[in-house]
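[1] fold the following, please.
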Amino acid sequence: MTSKITVEPLSTFSSQEISDLKKYFKEMPASEIISGLKFARNRWQAKDAGVLKVGRKSILQKEVHSVTSDQARWRLKNWKMMIANYRRRGYSYPTISRIKKILVELSEKSK
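    Numbering: from 1, shown residues only. From the prediction side, this is the model:
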């Protein structure tokens, strides 16, 4: 069954974007496309509202980007206090574990 869809975009599509859309509609089932559009719309609304949470990699980079090996050793020595601090900030245990893994790597660099 062939259906025709009319779209009223906020801005004009480039020819590449139009060909990409045609390809996606040709290759993917409608339910998957709708699911992806729902995700994209929710993400766009959160971004537009300024409440989009940063990803895990950004959190890790923020925590360890300028930590020296001495600071990493101190944090590992006082790890229970650091866990409490990270939990207060709302970090999950897997994220905390990843931070610890990077800190261990940093602490071993200058040994």
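[2] quick one: the strands in this structure, in order.
    Using DSSP state E, the chain contains no strands.
[3] domain ranges for it?
    What automatic domain parsing lists as the domains of the chain is 15-49, 56-109.
[4] which one, of these, ends up nearest to Glu8?
    domain 15-49 (13.8 Å; C-beta to C-beta). Yep, even glycine has a C-beta here, placed from its N, CA and C like the rest.
[5] which residues touch the least confident helix or strand in the chain by mean pLDDT?
    None of the helices or strands of the chain scores lower by mean pLDDT, DSSP states H and E than helix 56-64, at a mean of 78. Helix 56-64 is contacted from outside by 54, 72, 91, 95, 98-99, 102-103, 106, using C-beta atoms under 8 Å, 6 or more residues apart in numbering.
[6] next one: that helix to chain centre, how far?
    10 Å (C-alpha atoms, centre = their mean, to the nearest Å).
[7] go on, stretch 70-88?
    24 Å.
[8] could you do stretch 68-87 as well?
    So, by C-alpha atoms, centre = their mean, the centroid of stretch 68-87 is 24 Å from its chain's centroid.
[9] end-to-end on it?
    Using C-alpha to C-alpha, to the nearest Å, the end-to-end distance of stretch 68-87 comes to 22 Å.
[10] all helices of the chain, in order?
    For the chain, applying DSSP state H gives helices covering 15-27, 30-49, 56-64, 69-77, 79-88, 93-109.
[11] weakest of those helices in terms of mean pLDDT?
    Ranked by mean pLDDT, these end with helix 56-64 at the bottom, a mean of 78.
[12] CA atoms only for that one - export them in PDB, please.
    Provided in PDB are the C-alpha atoms of helix 56-64 (Å, rounded to 0.1, in the frame of the first residue of the first chain):
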ATOM      1  CA  ARG A  56      28.000  10.200  30.800                       C
ATOM      2  CA  LYS A  57      31.100  11.000  28.800                       C
ATOM      3  CA  SER A  58      30.700  14.700  29.500                       C
ATOM      4  CA  ILE A  59      30.300  14.000  33.200                       C
ATOM      5  CA  LEU A  60      33.500  11.900  33.200                       C
ATOM      6  CA  GLN A  61      35.400  14.500  31.300                       C
ATOM      7  CA  LYS A  62      34.100  17.200  33.700                       C
ATOM      8  CA  GLU A  63      35.300  15.300  36.700                       C
ATOM      9  CA  VAL A  64      38.800  14.200  35.600                       C
END
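[13] many thanks, I have nothing further to ask.
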